[in-house]
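Undergrad: Everything below, folded, please.
(chains A and B)
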Amino acid sequence: MTSTSPEAGGDEPGDTILLIEDTPSLQMVYASALRRHGKTVEVCGTAADGLAAFARLTPRVVLLDLMLPDGTGLEVMQEMLAGKPHTRVIVITANGSINKAVEMMRAGAHEFLVKPFDEARLLAAIENAFRALSHRGGSDGRGHATTARAMAPFIGTSPAMQTIYAKIRSVSRSMATVFITGESGTGKELCAEAVHQASPRARGPFIALNCGAIPVDLLESEVFGHLRGSFTGAINDKQGAAAAASGGTLFLDEICEMDLNLQTKLLRFLQTSTITPVGATKPRKVDVRIVCATNRNPLDEVRLGRFREDLYYRLHVVPIAMPPLRERGEDVIEIAQALLVEMAREEGRAFDGLEGDVKQLFRRLSWPGNVRQLINVLRNVVVMNDGAQVTRAMLPPDLLAEADKAPAPDTASNSAPWSGAAPEAADGLGALAGRTLAQIERMVIEDTLRRQGGSVPKAARELDVSASTIYRKLDAWARSDAENGQA
Amino acid sequence: MDRISVEHSQHKGTLQSDNSDKLNGAKADSALIDAQVLDSLLSLPDAALQASLCTQIIADLRRIQQALAVGQLEDVAHFAHELKGLTATIGANPLAELSVQLQLAAEMGQACDALVAVTRGQIDAVCTIIEGRARRTGSE
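TA: Model prediction:
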């Protein structure tokens, strides 16, 4: 069992922790652990009592069981957050209700604890919640300006991007892990930075690490750090990215490229909020929010055994799918105009707009390289030409050739790997070719579970098998994934 | 010589039987409950608090046991869910697994009288272990 520091809260008025849990012995277990560490705890056993105590005490941190005799944790939390949106709600859930916990995170919960959890985990969660509140600095009015600043690097007003802005705004107040997906060049890192800038952690560091760009042998040291002499070439102590991001956000780009062994360590880090640098014997606590990104389909990576399923569910709490440029309507013109003016200034050119013909062409292109490709095209035009407006003749020949073969925009978006349609549905049975029957079975079961909101009984009914069959298979896959992860 | 040998072996046999009873008992206990988890949970600074926690765990288990016997399917699912969280926390892993099955069966509307009976029986066994643990705590 670990101890906790006084900074973990409980020493200011209003720092009473409200515990809403219906099993009396579990109330005793959690409350006594918190009290032993100097916290003041108010305990309630029902949703009604919990809401009454919430109104009376206005606690800043609430520990809330998911299932209560007179209501669900979700209903209770929604009522609390409607009145006091900055309350940090830590959800307690029994194993097997992870999907519900994820739903709670999406609805604004700060963190979730899966029973059984130990004292150290409970205290770490409480500590994180109070720390997140202290990062807010008690200022309830900073939200609007901060969020506006955070969104500033984005250009575009399409409905697809409005959805992205709304998501960034709603996740910014939470500690929830954000999982950004999208094709290359769609602005995943920009999105990660916006999540950080809009959050109460904006004054802390934003550390980005590209998991695909660092050799496997060095990645552990890059993430968790190392001690001098821990391996050949370790001539000094090195602080890893996780420690460097303490108090801020750690952005793990190309997360699916991470080695399976390191995935196991990352999972432990997410569960305990502690890191053990290479060569160290004692773990060290860090306070980091994780945002990760990939241009792959993470579930496919899980199916193929390249990404741990348990890590996937830990990370995939709030997914944000960045839309490809071809699905952003007039954004392509808006972005091109803004970039053109900026580049013209940098290069000493007179450009201030695009000719109508070029606009038509830009709208029609599928932009497989997304905004990055658009930037390259415009840089090429501005460096090689001059004039008031960009004409078709100024565009690179390969782009014009691509434009000649470009299908109608609708067709292009349908063939996009991130168009939202399941690849198996789009490709028919062709997508199953080359897979083993066991792999196909797993795909079908996981897809059914996803469609049924994670409910095993409902998935079992749809597939006409017993629920225990599905549980057995999930268990076997989890074990096999874990073994592969440690291999 | 033969007689001595027989007596010796009988005596040895009795000792073995005593030991194996204890050993079997401990094995049976450890099969039902993870002693490390329970010890860690009960490692409270105050003996009165320890005793009170043991009493409360037993009271909760008995309450759920009683509720399972009389409950409708919906109630069975709810209490099986509560049992799952409690037993996983105290390290009674087989009972936690059983309660997962029971919750599932009840949620699917399946008849679960047999499962309820097994679960109630195992609650008895777990309560007995915790009662023993509480007695040991009191006598230490």
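
Undergrad: Around the nearest residue to residue B:74 once chain neighbours are set aside, count how many other residues there are.
TA: By the measure of Cβ to Cβ, 6 or more residues apart in numbering or on different chains, the closest residue to residue B:74 outside its immediate chain neighbours is residue B:106, 7.4 Å from it. To be clear about C-beta, it is placed using only N, CA and C from the backbone, and glycine gets the same treatment. Under the neighbour criterion other Cβ atoms under 10 Å in any protein chain shown, residue B:106 is assigned a count of 26.

Undergrad: same question, residue A:220
TA: In terms of burial, residue A:220 registers 19 neighbours under the definition other Cβ under 10 Å.

Undergrad: what helix or strand is residue A:105 on?
TA: Here residue A:105 is covered by helix A:98-106, with elements defined by DSSP states H and E.

Undergrad: Alpha carbons of the helix or strand following that helix, in CSV - could you do that?
TA: Scanning forward in sequence from helix A:98-106 by DSSP H and E, the next helix or strand is strand A:111-115. Listed next in CSV are the C-alpha coordinates belonging to strand A:111-115 (Å, rounded to 0.1, in the frame of the first residue of the first chain):
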residue,chain,number,x,y,z
GLU,A,111,-11.7,8.5,-14.2
PHE,A,112,-12.9,5.0,-13.5
LEU,A,113,-11.8,2.3,-11.0
VAL,A,114,-12.5,-1.3,-11.7
LYS,A,115,-13.3,-3.5,-8.7
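
Undergrad: Partner strands of strand A:111-115 and their direction?
TA: Take DSSP bridges as the rule and strand A:111-115 pairs in its sheet with strand A:88-94 (parallel).

Undergrad: Could you tell me the angle between the partner strand and helix A:98-106?
TA: Relative orientation of strand A:88-94 with respect to helix A:98-106: 170 degrees, computed using axes from the mean of the first three to the mean of the last three Cα atoms, to 10 degrees.

Undergrad: Pull strand A:88-94 out as PDB, backbone CA atoms only.
TA: Once non-C-alpha atoms are left out, strand A:88-94 reads as follows in PDB (Å, rounded to 0.1, in the frame of the first residue of the first chain):
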ATOM      1  CA  ARG A  88     -14.600  15.400 -10.600                       C
ATOM      2  CA  VAL A  89     -16.500  12.200 -10.600                       C
ATOM      3  CA  ILE A  90     -14.600   9.000 -10.200                       C
ATOM      4  CA  VAL A  91     -16.700   6.000 -11.300                       C
ATOM      5  CA  ILE A  92     -16.400   2.700  -9.400                       C
ATOM      6  CA  THR A  93     -17.400  -0.300 -11.400                       C
ATOM      7  CA  ALA A  94     -17.300  -4.100 -11.200                       C
END
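
Undergrad: Would you mind naming what in chain A lies close to chain B?
TA: For chain A, the residues in contact with chain B (Cβ under 8 Å from any Cβ of the partner chain) are A:1, A:22-26, A:28-29, A:32, A:36, A:67, A:69, A:94-96, A:115-116, A:118, A:456-457, A:460-461, A:467-468, A:471.

Undergrad: hmm, back to that, so what does the helix holding residue A:105 touch, helix or strand wise?
TA: Helix A:98-106 is packed against helix A:73-83, strand A:88-94, strand A:111-115, with contacts defined by 3 or more Cβ pairs under 8 Å, 6 or more residues apart in numbering or on different chains; DSSP states H and E.

Undergrad: Show me the contact partners of that helix.
TA: Contacts made with helix A:98-106 from outside it, assessed by Cβ atoms under 8 Å, 6 or more residues apart in numbering or on different chains, are listed as A:66, A:73-74, A:77, A:89, A:91, A:93, A:109, A:111-112, A:114, A:174, A:176, A:313, A:316-318, A:453-455.

Undergrad: Whichever of the residues you listed end up buried, select them in PyMOL.
TA: Selection of buried members from the contacts of helix A:98-106 for PyMOL, criterion 16 or more other Cβ atoms under 10 Å in any protein chain shown:
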select buried, chain A and resi 66+73+74+77+89+91+93+109+111+112+114+174+176+316+317+318+454+455
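
Undergrad: just to revisit the earlier point, how about the residue nearest to residue B:74, what does it touch?
TA: Contact criterion Cβ under 8 Å, 6+ apart gives B:73, B:74, B:76, B:77, B:80, B:112 as the residues in contact with residue B:106.

Undergrad: host element of it?
TA: Per DSSP H and E, residue B:106 falls inside helix B:93-107.

Undergrad: In terms of secondary structure, what does the helix or strand just after that helix contact?
TA: Toward the C-terminus, helix B:93-107 is succeeded by helix B:113-139 as the next helix or strand (DSSP H and E). Secondary-structure packing of helix B:113-139 (3+ Cβ pairs under 8 Å, 6+ apart): helix B:2-32, helix B:35-42, helix B:47-70, helix B:73-90, helix B:93-107.

Undergrad: With adjacent residues omitted, what lies nearest to the spatially most central residue of chain B?
TA: To find the centre residue of chain B, average its C-alpha atoms and take the closest one (Cα atoms, centre = their mean): that gives residue B:126, at 1.5 Å. Counting by Cβ to Cβ, 6+ apart, residue B:92 is the residue found nearest to residue B:126 once chain neighbours are left out, at 4.9 Å.

Undergrad: Report the contact partners of the one you found.
TA: Residues counted as contacts of residue B:92 (Cβ under 8 Å, 6+ apart) are B:32, B:33, B:34, B:126.

Undergrad: gap between residue A:330 and chain B?
TA: Residue A:330 sits 49 Å away from chain B when distances are taken as Cβ to the nearest Cβ, to the nearest Å.

Undergrad: Could you do residue A:388 as well?
TA: The span separating residue A:388 from chain B equals 69 Å under the rule Cβ to the nearest Cβ.

Undergrad: does that residue really touch residue A:351, like I thought?
TA: Yes. In this structure residue A:388 lies within contact range of residue A:351 using Cβ atoms under 8 Å: 6.9 Å.

Undergrad: Of the two, which one has the most company?
TA: Under the neighbour definition other Cβ under 10 Å, residue A:388 and residue A:351 were set side by side, and residue A:351 has more, 22 against 12.

Undergrad: Quick check: closest non-adjacent residue to the most centrally placed residue in chain A.
TA: Centrality entry for chain A: nearest residue to the mean C-alpha point is residue A:178, 1.3 Å, by Cα atoms, centre = their mean. The shortest distance from residue A:178 to any residue that is not its chain neighbour, by Cβ to Cβ, 6+ apart, is 4.5 Å, and that residue is residue A:291.

Undergrad: Remind me what the helix or strand containing the one you found packs against, helices and strands.
TA: Taking DSSP H and E as the definition, one finds residue A:291 inside strand A:289-294. Packed against strand A:289-294, as judged by 3+ Cβ pairs under 8 Å, 6+ apart, are the following elements: strand A:178-181, helix A:188-198, strand A:249-253.

Undergrad: secondary structure class for residue A:457?
TA: Secondary structure state of residue A:457, per DSSP: H, G, I helix; E, B strand; the rest coil, is helix.
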